[in-house]
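Participant: I would like to see how this sequence folds:
(one chain, ligands or ions: 1)
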Amino acid sequence: MSEQWALVTGASSGIGFELARCFAVDRHHLVITSDDDDGLRDAADVLADDGAASVQYTVRDLSHPDGALLLYQDVRDMGVKPDFLANNAGVGVFGNFALETDFQSEAAMIQLNIVSLVQLTKMYARDMVRQGGGRILLTSSVAAVAPTPNLAVYCGTKAFIYAFAEAIADELKEAGVSVTALMPDATETRFFERAGMEETELYQADKASAAEVAQTGYRAMMRGADHVLAPPFIANVHAALAALFPKRMVTASSRVE
Ligand SMILES: NC(=O)c1ccc[n+]([C@@H]2O[C@H](COP(=O)([O-])OP(=O)(O)OC[C@H]3O[C@@H](n4cnc5c(N)ncnc54)[C@H](OP(=O)(O)O)[C@@H]3O)[C@@H](O)[C@H]2O)c1
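Facilitator: Next up, the predicted model:
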């Protein structure tokens with residue numbers, strides 16, 4: 001059994017749940033969180049069966065301005081000092097920016113995808129520096145390098161995470177804290193239903209499995225990579241094409257409808 005603790009946000013389903021399973025298989029202690037009590041309880045049962053040294057969970061809404069601080073306090077009250085932080089919780093808002101999407105949903109998404117992520121990263125990065133090391137994984141997206149019409153604000157949040165991760169990875173290197181941006185391509189999770197994308201071609205298209213994406217991210221975090229595209233082949237081709245062609249062409253061809 002490991003004596004190390006991992007905190008995984010958005011661990012009730014999808015990529016976050018599969019990331020938590022990677023920690024469980026390696027017999028780490030886990031704190032998992034999301035805003036769904038039943039989903040977390042079910043996830044905790046599976047993680048215990050997978051071999052986690054122990055599993056605790058706490059329900060927090062990270063789209064609320066107090067969410068990140070309350071989560072940090074919950075974890076501290078458990079007596080846990082995470083060695084690993086997988087900052088993964090996130091949602092998308094789909095639709096034409098000027099005509100269809102509403103600002104309240106976009107503001108809640110920015111709070112979840114950016115503000116809470118930055119706040120948690122700041123609190124745990126400081127703790128990890130004091131502890132002498134640690135590893136942080138931030139879930140971005142391949143959309144960070146291929147802006148997607150009809151997911152405009154979402155793409156902006158993921159581009160933020162990518163740039164933020166690369167910058168603090170450099171700042172924290174000397175302190176023994178690694179920071180890795182996980183950049184998934186389209187992945188089979190509840191993301192698309194939550195974003196109201198059931199009528200899109202992308203929803204029907206073949207996607208990567210959440211397990212494959214999470215395992216790629218987990219391995220990259222453990223070796224201290226600054227970023228990783230997942231699944232490796234498809235996402236690397238996608239990103240290479242995005243780098244090769246003019247931005248306007250890449251953006252037009254990335255449109256989801
Ligand atoms: N699926 C893709 O194609 C894809 C591609 C690139 C990047 N990503 C990124 O991958 C990450 C995980 O998404 P996913 O695809 O695995 O989708 P998912 O299955 O919908 O998982 C999202 C997770 O975030 C949690 N969450 C949502 N709103 C929350 C809130 N307000 N407070 C706390 N937790 C909240 C969810 O918890 P509840 O269920 O309890 O609400 C769930 O555990 C996201 O950051 C997403 O942007 C996904």
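Participant: residues contacting Thr251?
Facilitator: With contact set as CB atoms under 8 Å, 6 or more residues apart in numbering, Thr251 has these partners: Ala146, Pro147, Thr148, Pro149. Placement of C-beta: from N, CA and C, glycine included.
Participant: surely Ala48 and Tyr57 touch.
Facilitator: No: proximity of Ala48 to Tyr57 does not meet the contact threshold set by CB atoms under 8 Å, at 11.1 Å.
Participant: what about the closest residue to Arg41 other than its chain neighbours, how many residues close to it?
Facilitator: Take Arg41 and drop its neighbours on the chain: the residue closest to it by CB to CB, 6 or more residues apart in numbering is Tyr57, 7.2 Å away. Other residues near Tyr57 come to 22 when the count uses other CB atoms under 10 Å.
Participant: how about Ser63?
Facilitator: Using other CB under 10 Å, Ser63 has 19 neighbouring residues.
Participant: which parts of the helix or strand the residue nearest to Arg41 falls within are buried?
Facilitator: Assessed by DSSP states H and E, Tyr57 sits inside strand 54-59. For strand 54-59, burial by neighbour count (16 or more other CB atoms under 10 Å) applies to Val55, Gln56, Tyr57, Thr58, Val59.
Participant: tell me if that strand is near the ligand.
Facilitator: No: judged by CB under 6 Å from any ligand atom, strand 54-59 and the ligand are separated, with a smallest distance of 7.9 Å.
Participant: now do that strand: distance to the chain's middle.
Facilitator: For strand 54-59, the separation from the chain centroid amounts to 18 Å (computed by CA atoms, centre = their mean, to the nearest Å).
Participant: on that earlier part again, columns pLDDT on top of the buried residues of strand 54-59, output as a markdown table?
Facilitator: Shown next, in a markdown table, are the buried residues of strand 54-59 (pLDDT from 0 to 100):
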| residue | pLDDT |
| --- | --- |
| Val55 | 98 |
| Gln56 | 98 |
| Tyr57 | 98 |
| Thr58 | 98 |
| Val59 | 98 |
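Participant: with the residues you listed in mind, which one is nearest to Met1?
Facilitator: Nearest to Met1 among the buried residues of strand 54-59: Val55, at 12.8 Å, using CB to CB.
Participant: now do the same contact list for the closest one.
Facilitator: Ala24, His29, Leu30, Val31, Ile32, Ala44, Leu47, Ala48.
Participant: so how do I select the buried members of the contacts of Thr251 in ChimeraX?
Facilitator: To isolate the buried ones among the contacts of Thr251 in ChimeraX, judged by 16+ other CB under 10 Å, type:
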select :146,147,148
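Participant: wait, which of the buried residues of strand 54-59 is closest to Tyr203?
Facilitator: Nearest to Tyr203 among the buried residues of strand 54-59, with distances taken as CB to CB, is Val59, at 28.2 Å.
Participant: so what sits opposite the closest one in the bridge?
Facilitator: Beta-bridge partners for Val59, by DSSP bridges, are Ser34.
Participant: please put the alpha-carbon coordinates of the longest strand seen in the chain into PDB.
Facilitator: For the chain, the longest strand by residue count, based on DSSP state E, is strand 177-184. Written as PDB, here are the backbone C-alpha positions of strand 177-184 (Å, rounded to 0.1, in the frame of the first residue of the first chain):
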ATOM      1  CA  VAL A 177       6.200  20.000  -8.100                       C
ATOM      2  CA  SER A 178       5.300  18.800 -11.600                       C
ATOM      3  CA  VAL A 179       2.300  20.200 -13.600                       C
ATOM      4  CA  THR A 180       0.900  18.400 -16.500                       C
ATOM      5  CA  ALA A 181      -1.900  19.500 -18.900                       C
ATOM      6  CA  LEU A 182      -4.000  16.600 -20.200                       C
ATOM      7  CA  MET A 183      -5.400  17.500 -23.600                       C
ATOM      8  CA  PRO A 184      -8.000  14.900 -24.600                       C
END
